[in-house]
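Trainee: Need the 3D shape of this:
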Amino acid sequence: MPFAIGVMGLLAAVCCLVSFITQGQSFAAYSAQYGERTAAVILALGLDDAFHSWWFVTLSAFLALSLFSCSAIRFPRILRRVRQIADIDPSATSDLSAAGIGDPQALFKSLGLPKGRTRTAPEGREFLVSVKNVAGYFGAWVCHMGLLLLILGFGLGQMTQKSYSVYGVPGQTKPIGDTGYDLRIESFDVQRRADGSVEQYTAGISVLNGDS
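Mentor: Just a heads-up that it's a prediction; the model follows:
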């Protein structure tokens, strides 16, 4: 767990750092903004495409492995603990009929407990057992598995995603890479603020089947 927390802290720090660096720019663009030496460092460390760099993938893999190991180690312990809760010592049970309680199930219900299950003691005596909120012991384990699934899902999305860029002016129809679809640019508007600076770009487009 300390290792996983350390890796998560390192990933968080890296994400904060690269949020100040515009991704996917050229050496010339970085040089103009940060200087040639800093631009060279950015490209050498893969900070221009941080979330696909080898070190980010390695850190993510270590975090996923750590979470999986923690979950695998803890799961048998959780099962043993849950079984110990359900495995009540018959000598610790009470004879409710002697206390004037005729329906134990009604007592369980009044206490907010689920319906009691019949157990048999080694000497053949039967007794009722009711256990509540056992699933709560799996809360931390489910949380760890959820984080692991998020990491794996993000990694799978990054490996399988495809990105296309289409350039043109209104009235043109351009192919969208190798998808078999065309993009028709219907309109392009620029909304400006009162001081003349650009507030928003708005494009009207249509996606067409390339065969039609």
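
Trainee: residues touching the nearest residue to residue 193 once chain neighbours are set aside, list them.
Mentor: Nearest residue to residue 193 in three dimensions, chain neighbours excluded: residue 199, at 4.9 Å (Cβ to Cβ, 6 or more residues apart in numbering). No exception for glycine: its C-beta is placed from N, CA and C like everyone else's. The contact partners of residue 199, taken as Cβ atoms under 8 Å, 6 or more residues apart in numbering, are 191, 192, 193.

Trainee: Mind listing what's buried along stretch 106-114?
Mentor: 107, 108 (16 or more other Cβ atoms under 10 Å).

Trainee: Confirm the residue nearest to residue 193 sits in a strand?
Mentor: Yes: using DSSP: H, G, I helix; E, B strand; the rest coil, the assignment for residue 199 is a strand.

Trainee: quick one on the thing from earlier: okay if I get the contacts of residue 199 as a markdown table plus distance to residue 71?
Mentor: Shown next, in a markdown table, are these (distance: Cβ to Cβ, whole Å):
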| residue | distance to residue 71 |
| --- | --- |
| 191 | 50 |
| 192 | 54 |
| 193 | 52 |
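
Trainee: Out of those, which sit inside strands?
Mentor: In strands, defined here by DSSP state E, the members of these are 191, 192.

Trainee: And residue 67, how close does it get to residue 60?
Mentor: Relative to residue 60, residue 67 is positioned 11 Å away (Cβ to Cβ, to the nearest Å).

Trainee: Roughly how far does the spatially most central residue of the chain sit from residue 7?
Mentor: For the chain, residue 150 is the residue whose C-alpha lies nearest the centre (Cα atoms, centre = their mean; 2.5 Å). Using Cβ to Cβ, residue 150 is found at 14 Å from residue 7.

Trainee: As a check, name the ranges of all strands in the protein.
Mentor: Along the chain, the segments classed as strands by DSSP E run 117-120, 126-129, 173-175, 181-192, 198-209.

Trainee: Can you show me the helices along the protein?
Mentor: 2-18, 27-34, 36-44, 54-86, 104-110, 139-160 (DSSP state H).

Trainee: possible to save the ones you listed as JSON lines with distance to residue 174 and mean pLDDT?
Mentor: Output for these, formatted as JSON lines (distance: least, Cβ to Cβ, whole Å; pLDDT from 0 to 100):
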{"stretch": "helix 2-18", "distance to residue 174": "31", "mean pLDDT": "86"}
{"stretch": "helix 27-34", "distance to residue 174": "25", "mean pLDDT": "88"}
{"stretch": "helix 36-44", "distance to residue 174": "30", "mean pLDDT": "90"}
{"stretch": "helix 54-86", "distance to residue 174": "33", "mean pLDDT": "82"}
{"stretch": "helix 104-110", "distance to residue 174": "69", "mean pLDDT": "76"}
{"stretch": "helix 139-160", "distance to residue 174": "24", "mean pLDDT": "82"}
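
Trainee: Include distance to residue 185 when you put those into JSON lines, please.
Mentor: Below are these laid out as JSON lines (distance: least, Cβ to Cβ, whole Å):
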{"stretch": "helix 2-18", "distance to residue 185": "32"}
{"stretch": "helix 27-34", "distance to residue 185": "26"}
{"stretch": "helix 36-44", "distance to residue 185": "33"}
{"stretch": "helix 54-86", "distance to residue 185": "35"}
{"stretch": "helix 104-110", "distance to residue 185": "67"}
{"stretch": "helix 139-160", "distance to residue 185": "28"}
